[in-house]
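Asker: based on what follows, work out the 3D shape:
(2 chains)
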Amino acid sequence: MFFEDYKTEHFFDEMFDSDGTVRPHYQAIFERLGPFTVDAFEQKRQAVDLSFLRQGITFTVYGDEEGTEKIFPFDLMPRIIPKTEWEFLERGLTQRMQALNMFLKDVYSEQRIIKEGIIPASYILSGKHFRREFMNVQVPRDIYIHICGTDLIRDDAGNYLVLEDNARSPSGVSYLLENRQAMKRAFPNFFPKAGVRPVENYSEELLKTLQYVAPYGKENPVCVLLTPGHFNSAYFEHCFLARQMGIEIVEGSDLVVRDYKVYMRTTQGLQQVDVIYRRIDDDFIDPSVFRPDSMLGVPGLVNALRAGNVNIANAIGTGIADDKLIYAYVPDMIRFYMSEEPILGQVETFFASEDDDFKYIMDNLDQLVVKSANEAGGYGMLIGPKATKQEVEDFRALIKADPRNFIAQPPIMLSRHPTWCDGDFEGRHVDLRPYILSGEKTSIVPGGLTRVALKKGSLVVNSSQGGGSKDTWVLYSDS
Amino acid sequence: MLSRVADSLYWMSRYIERAENIARLLDVNLQLLLDFEALDDDKLKEHWEPVIRAAGEEELFYELYDQADSQSVTDFLTFNRENSSSVISCMFAARENARMIRDQISTEMWQCLNHAYLFLKSNNAKKVWDEGPYEFYKQIQDYSHLFQGMTDSTFSHTEGFYFMQVGKYLERADKTSRILDIKYHMLLPSVDDVGGAIDAVQWGAILKSCSGFEAYHSVYVTAVNPLKVSNFLIFNQHFPRSILSCVRHLDANLHQISGCNPGFYSNDVERVSGRLMSDLTYSNISDVFKSGLHEYLSQLQERFVEIGKVMYENYMFHARPDMETEIATQQQQQQQQ
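Answerer: You can find the predicted model right below:
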């Protein structure tokens, strides 16, 4: 019924190989969908959307007064990853996570990586998210990034490449978990046959991670999740995770610092807090150190942190590790700290701040993807081949004005995945964000958030830019 | 429990109780009109003004509407978002409070409020209301009952639950007093009508607005009369919407929060609530009529406000240090470190 007119074109397709044969790990779902009619599939899709709405699984859209909450578009066709492929990703991501944590420890203490000439000092010191206030501050267990969301893409040959590491406060994991629930409800009979590894233990692992990094190795630490508040776009996720872990969700005004200790205001008075899972940016976390105009944070939090009376996940200052300039050096970090070759590849990167690269970028601007070094969410980006002349020139001016803030990469032909579009399946570009937890050991929930660019031809998958998501199945076996 | 969470639980519970009460009040009054001959504008005004007053929003009403008739009053008290006490505003506020503390309440409770919210947000609500207010108001009352039932059966009976109960009973006591007070403002065509058919219908409507018509009749096997209705709605020990009953529950739940033994007090809110409970326990209907029903009810309402205020000060309010001072202090400490 479906897939008869499906075209992979010249892209790497997750489900079909180039001569149109279904890849073995997609065979089961291909057969399951066989007897479906368009109407039946459409009905399932609508039922899932409605159930998301009813449960209030939404994100908040800024600047839109009526209906400020939207559901994150969900595509019923799952992305499937076979066992061996996943194990490869797991090894690669674990290695990367370890290197990043070693890098942060080094860069906030000895700075060997600078002294030995691996990364130019200026790149680090000029990083917008490098926090010199934290030089030589000890963090429990030497872990800086406790939760990392690393974005992976596949090129036209099917190679996985790291696109970026989100090492500040990556979001989206609640959708990963809710998507699975939705799929289970939509295809209850198919699930046991499909051999899909479960994802439900993520929140338990997260809690374990948070507890493990409590100050003084405290056994029953009080952990809280710090949110900017219920107007934040990811508030649903904050509540979801707090509820799953059974910890309090707090806003800045619920916390107060006294004698270098953090307390929350409760009906029974003040109660001390040991670990803060923060979902609020460095800049807003403590107005006595960073932005004094922010009402979201807690004055004195940094004092308490420096005194070792509280720990914050992710640590303050991890943003330097996901600076797009520093990203280019991760393979070097892996070699430098771990004496290993990087398992995962990444995208070739040019620095506008280097003379040779600058010239290359200027000469080829309409052929490159340009990103500003510190933005997230798909903002501050130029996709050269798709941009108008004017947009290219505007960016040229921006880059000239602040070269440190820009990198350029060749456009990658992201892999595509069959996606339900108005009554049939069509190929749409996807990426994958696995969530890596670094506690007593590094653990990765099998799967991740697959984001899909719903607009035909679009390469941008961010939810803020009209992307949707898919459930991601990691199989017990290879087919 | 975080003070902010306690505050949200308390208000979530109050708002849904308020929505239910207003829905019932409007439902009963719309039906009541069906029993009269076609009324002229003045008569309608006489009928509806006390209802607006019972909701405590008379001033705002006249800022928004020219005259009080069935259409304007029901619109004001049902759909108007500018009126923070309209059914829809209350339901939305309950849901927003729930969203803020969604990690703290059960999935069932959240989904119930979210469902109500989606129902009201869709055009469907307006349509249902156009087709028949009865069904619409019934739906609102059902959501409230469903929510309260779910709370009871899916939410741990610990501190947060007791804060919700306090909110519910305080709101309910207040609304019962206001509904009873409506009769004071409802004019009868002439003095001769006291005790007549219209008077009886009006007292019956008061009972129905408090869901007490049947319960009243199971106590008094007679026609409705002012003394008995007032006695029932203020002092009945068993009817769950009587003021005494609400205040007793309120006081018991306050003691659950603090763990203090009933009959004693450990903080100001228990002190004011205990005093009110004991005043009500040892008063009777002739005391009420001595001071005048309207005056008596007004005093009660003031005491409910007082309880709410002391409650806030005691559990939810933490004197917030000035942000600038706080920042300066912390910066100083940083230098000392």
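Asker: and the contacts of stretch A:201-214?
Answerer: With contacts defined as CB atoms under 8 Å, 6 or more residues apart in numbering or on different chains, stretch A:201-214 is touched by A:139-141, A:143, A:146-147, A:173, A:176-177, A:220-221, A:223, A:241, A:244-247, A:274-275, A:277, A:311, A:313, A:435, A:437-440, A:443, A:445. Glycine gets a C-beta too; all of them are placed from N, C-alpha and C.
Asker: low pLDDT regions in the stretch 51-200 of chain A?
Answerer: A:61-68 (pLDDT under 70).
Asker: rerun that using 50 as the cut-off
Answerer: Under the criterion pLDDT under 50, no range of the stretch 51-200 of chain A is flagged.
Asker: that one: helices as residue ranges?
Answerer: When assigned using DSSP state H, counting those that start in this stretch, the helices of the stretch 51-200 of chain A occupy the ranges A:83-107, A:112-115, A:121-125, A:173-186, A:191-194.
Asker: and the angle for the following helix or strand past the last one with helix A:173-186?
Answerer: When you say that, I think you mean helix A:191-194. Using DSSP states H and E, the next helix or strand after helix A:191-194 towards the C-terminus is helix A:202-212. For helix A:202-212 against helix A:173-186, the angle by axes from the mean of the first three to the mean of the last three CA atoms, to 10 degrees is 150 degrees.
Asker: what helices or strands is the very next helix or strand once past helix A:202-212 leaning on?
Answerer: For helix A:202-212, the succeeding helix or strand toward the C-terminus, using DSSP H and E, is strand A:223-226. On a contact count with 3 or more CB pairs under 8 Å, 6 or more residues apart in numbering or on different chains; DSSP states H and E, strand A:223-226 meets helix A:202-212, helix A:235-245, strand A:248-250, strand A:275-278.
Asker: okay, now residue B:131: neighbour count?
Answerer: Other residues within reach of residue B:131, judged by other CB atoms under 10 Å in any protein chain shown, total 10.
Asker: and it, how close does it get to chain A?
Answerer: To chain A, residue B:131 is 23 Å away according to CB to the nearest CB, to the nearest Å.
Asker: what does residue B:25 give?
Answerer: In terms of CB to the nearest CB, residue B:25 sits 28 Å off from chain A.
Asker: so which helix or strand takes in that residue?
Answerer: Assigned by DSSP H and E, residue B:25 falls in helix B:3-33.
Asker: buried set for the next helix or strand after that helix?
Answerer: Going down the chain from helix B:3-33, the next helix or strand is helix B:41-54, by DSSP H and E. The neighbour-count check on helix B:41-54 (16 or more other CB atoms under 10 Å in any protein chain shown) flags B:43-44, B:46-54 as buried.
Asker: ok, those residues vs chain A, which is closest?
Answerer: residue B:52 (27.1 Å; CB to the nearest CB).
Asker: mind listing what that closest one touches?
Answerer: B:58, B:61, B:68, B:73, B:76-77.
Asker: what's the neighbour count on residue 303?
Answerer: Picked chain A for this. For residue A:303, using other CB under 10 Å, the count is 26.
Asker: switch to chain B, that's the one I care about
Answerer: Residue B:303, neighbours per other CB under 10 Å, totals 20.
Asker: quick check: it vs residue B:155, distance?
Answerer: According to CB to CB, to the nearest Å, residue B:303 stands 29 Å off from residue B:155.
Asker: buried stuff in the helix or strand of chain B with the lowest mean pLDDT?
Answerer: Between all helices and strands in chain B, the lowest mean by mean pLDDT, DSSP states H and E belongs to helix B:123-131, at a mean of 77. Residues of helix B:123-131 classed as buried by neighbour count (16+ other CB under 10 Å): B:125, B:128-129.
Asker: what do you get for stretch A:243-255?
Answerer: So, applying 16+ other CB under 10 Å, buried residues of stretch A:243-255: A:243-245, A:247-255.
Asker: send me it as CSV with only the CA atoms.
Answerer: What follows is stretch A:243-255, C-alpha atoms only, in CSV (Å, rounded to 0.1, in the frame of the first residue of the first chain):
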residue,chain,number,x,y,z
ARG,A,243,7.9,14.2,38.8
GLN,A,244,9.6,11.1,37.5
MET,A,245,12.5,11.6,39.9
GLY,A,246,10.3,12.6,42.8
ILE,A,247,12.3,15.8,43.4
GLU,A,248,11.1,19.3,43.9
ILE,A,249,11.0,21.7,41.0
VAL,A,250,12.1,25.1,42.2
GLU,A,251,12.2,28.6,40.8
GLY,A,252,14.9,31.1,41.8
SER,A,253,12.6,32.8,44.3
ASP,A,254,12.1,29.6,46.1
LEU,A,255,15.8,29.5,47.0
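Asker: may I have the phi/psi pair for the closest residue to chain A within the stretch 201-337 of chain B?
Answerer: Residue nearest to chain A within the stretch 201-337 of chain B (CB to the nearest CB): residue B:330, separated by 3.8 Å. Dihedral angles of residue B:330 (phi, psi; degrees, to the nearest 10) stand at phi -70, psi -40.
Asker: please, where are all the strands along the stretch 351-479 of chain A?
Answerer: A:369-372, A:381-383, A:406-409, A:416-421, A:424-433, A:435-438, A:442-444, A:449-453, A:467-474 (DSSP state E, counting those that start in this stretch).
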